[in-house]
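*Asks:* fold the following and give me the result.
(chains A and B)
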Protein chains: 2
Amino acid sequence: MVQPIEKFPSSLDELGRFDRVADDAAIEEELGSLLGRAPLFSDFTRDDVQHLSGFMGVYRAEANETIIHEGDGGDFMLLIVRGEVDILKRSVQREQQLMATVGAGTTIGEMSMIDGEPRFASCRTTQATTFGVLTRDNMALIILERPQLAAKILVKLITMLSARLRQTSAKLMRYMEGVLS
Amino acid sequence: MVQPIEKFPSSLDELGRFDRVADDAAIEEELGSLLGRAPLFSDFTRDDVQHLSGFMGVYRAEANETIIHEGDGGDFMLLIVRGEVDILKRSVQREQQLMATVGAGTTIGEMSMIDGEPRFASCRTTQATTFGVLTRDNMALIILERPQLAAKILVKLITMLSARLRQTSAKLMRYMEGVLS
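*Replies:* Okay, the predicted model is just below:
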C-alpha cells in the first residue's frame, strides 16, 4: 500500500542538498504563482493547487546545479516554479548535448516518475531555481484520495508528452528523409 | 457536462462503415481476450475490463481499410483486439511512409483522443481486424464515474507514450549525430 505523505522524503538523497521551502503556506504560494502560466495547471483552480500543495515539496537550487542525472533511477517529477534549467543528454560519443532550455511552468522528469525507467537526460540549473517535487508515492496517494485531481494531472501529462512526441517524431521524419542533416 | 454513454456514437462517421459488435457480452469477451496481452491492460482485473466494456464499442474492418486518416480530427482511440494495422505517415514529399506495423493489444490514436490535435498518422488494416473504440467523452465519463479505473488507464497511456518518446528521441539523437543516416 501507499505510505503516508512525506513531502520531503529522506529517500530523495539527490535533493537533500538543496534548500527546502518547509512552510506549507509558502509551498502553496510558490505553486499558486504558476496558475495561468504552467501548462500542468491550465485547467486548475486555486483549490486544486491548494490540494496539490499538500502532496508536493518545494526546493531551491543555486545556478549550475544538476538536479536530475541522466541514467539515475528517480521516482519524482519536477515543476519549475522560478528560474531556468538546461536539459542535457549524452551523445553516443558521451558528450553532453544541450537538448532544450526550459523555464517556469515546465515539468521535467515525469516519464521516470510514472514508468520508473532511468532518467533520459540530465537537468542543470542555469540560474537560481525554485522547483516543486511530486513523488510517485504521492501521485499514487492523490489517485486514491483525490481521483478527480489525479485525472486532471494525468490528462495534462499525456497532453504534454503527446506534444513532445509529435514534435520529436516530425523532426525524426525530416532527418530520415534527408531534409535535415 | 459529459453526455450519456454512446458506445457507438453517430458522430463517428469514419467508423460508421465498419461492422459493429453490438452485443455487450460479446464486447466484454473481445476486450477480455486481451487480458495478459495488451500493455493497456497489464494491471487490469477482469472486473476492470468488464467496467471498461461498458464504455467502449467494438468494430470489425476488412483488410486494407483505413481506420484513421492522418490530419483528420478525431476524438477516439483504438485498441486492436485481433488483426494487424500499418501506421503510415506522409513525408515532406507527400509520400506515405510505413512507420510501424502493430497487432493485437496495441493502442493507437490515444494522443488525439486526449489532446484533440489532428491525427499524426494514418492507420490501415493489413488483414481482417477487430478493434475497440474509446471516445474522449466516454473517457471523461470514466473519470467521473470510475476514477480509479480512469487513473489506471491514464497511467498506462503515460507509460506507453513515455516509452515511445524515449525510443523516438534516442533515434533522433543518433540521426543528429550522424550515426544513422
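
*Asks:* hang on, A:Gln97 is in a helix, isn't it?
*Replies:* No: with DSSP: H, G, I helix; E, B strand; the rest coil as the criterion, A:Gln97 is strand rather than part of a helix.

*Asks:* any idea how far it is from chain B?
*Replies:* In this view, A:Gln97 and chain B are 8 Å apart by CB to the nearest CB, to the nearest Å. C-beta here means a position set from N, CA and C on the backbone, and glycine is covered the same way.

*Asks:* my read is that that residue contacts A:Asp86, right?
*Replies:* No: assessed by CB atoms under 8 Å, A:Gln97 is found out of contact with A:Asp86, at 10.3 Å.

*Asks:* higher neighbour count, the two?
*Replies:* For A:Gln97 and A:Asp86, the more surrounded residue by other CB atoms under 10 Å in any protein chain shown is A:Asp86, and the numbers stand at 18 against 14.

*Asks:* okay, and the more buried one sits in which element?
*Replies:* strand A:84-90 (DSSP states H and E).

*Asks:* what lines up beside that strand in the sheet?
*Replies:* Under the criterion DSSP bridges, strand A:84-90 sits next to strand A:96-103 (antiparallel), strand A:122-125 (antiparallel) in its sheet.

*Asks:* take those and lay them out in CSV including distance to B:Val155.
*Replies:* What follows is the strands paired with strand A:84-90, written out as CSV (distance: least, CB to CB, whole Å):
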stretch, distance to B:Val155
strand A:96-103, 24
strand A:122-125, 23
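
*Asks:* could you tell me the least trusted of the ones you listed?
*Replies:* Ranked by mean pLDDT, the strands paired with strand A:84-90 bottom out at strand A:96-103, with a mean of 91.

*Asks:* check the offset of it from the chain's centre.
*Replies:* What separates the centre of strand A:96-103 from the centre of its chain is 14 Å, taken as CA atoms, centre = their mean, to the nearest Å.

*Asks:* could I have it exported to PDB, CA atoms only?
*Replies:* These are the backbone C-alpha positions of strand A:96-103, laid out as PDB (Å, rounded to 0.1, in the frame of the first residue of the first chain):
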ATOM      1  CA  GLN A  96      26.700  16.200 -23.200                       C
ATOM      2  CA  GLN A  97      24.500  17.900 -25.700                       C
ATOM      3  CA  LEU A  98      22.000  20.700 -24.900                       C
ATOM      4  CA  MET A  99      18.500  19.500 -26.000                       C
ATOM      5  CA  ALA A 100      16.500  22.300 -24.600                       C
ATOM      6  CA  THR A 101      16.400  25.200 -22.000                       C
ATOM      7  CA  VAL A 102      13.200  25.400 -20.000                       C
ATOM      8  CA  GLY A 103      11.800  27.800 -17.500                       C
END
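
*Asks:* pairing partners for the next helix or strand after it, with directions?
*Replies:* Going down the chain from strand A:96-103, the next helix or strand is strand A:107-108, by DSSP H and E. Take DSSP bridges as the rule and strand A:107-108 pairs in its sheet with strand A:76-82 (antiparallel).

*Asks:* residue contacts, A:Ile114?
*Replies:* A:136, A:139, A:157, B:155, B:158-159, B:162 (CB atoms under 8 Å, 6 or more residues apart in numbering or on different chains).

*Asks:* switch the cut-off to 6 Å
*Replies:* Neighbouring residues of A:Ile114 by CB atoms under 6 Å, 6 or more residues apart in numbering or on different chains: B:158-159.

*Asks:* now swap in A:Thr66 and tell me
*Replies:* Going by CB under 6 Å, 6+ apart, A:Thr66 touches A:122, A:124.

*Asks:* contacts only, for whichever residue of chain A sits closest to chain B.
*Replies:* Of all residues in chain A, A:Pro147 sits closest to chain B, at 3.1 Å by CB to the nearest CB. By CB under 6 Å, 6+ apart, A:Pro147 lies in contact with B:Pro147.

*Asks:* let's go with 7 Å and repeat that
*Replies:* By CB atoms under 7 Å, 6 or more residues apart in numbering or on different chains, the contact list for A:Pro147 reads B:147-148, B:151.

*Asks:* cool, A:Tyr59 as well?
*Replies:* When contacts are counted by CB under 7 Å, 6+ apart, A:Tyr59 is found next to A:15, A:18-20, A:131, A:133.

*Asks:* phi, psi of it?
*Replies:* phi -130, psi 160 (degrees, to the nearest 10).

*Asks:* work out the gap between the strand holding A:Asp86 and the centre of the chain.
*Replies:* Relative to its parent chain, strand A:84-90 has a centroid offset of 13 Å by CA atoms, centre = their mean.

*Asks:* partners of the residue nearest the centre of chain A in the sheet?
*Replies:* Centroid-nearest residue in chain A, with CA atoms, centre = their mean: A:Leu78, separated by 2.6 Å. For A:Leu78, the beta-bridge partners under DSSP bridges are A:Ile108, A:Val133.

*Asks:* quick one, longest helix in chain A?
*Replies:* helix A:147-176 (DSSP state H).
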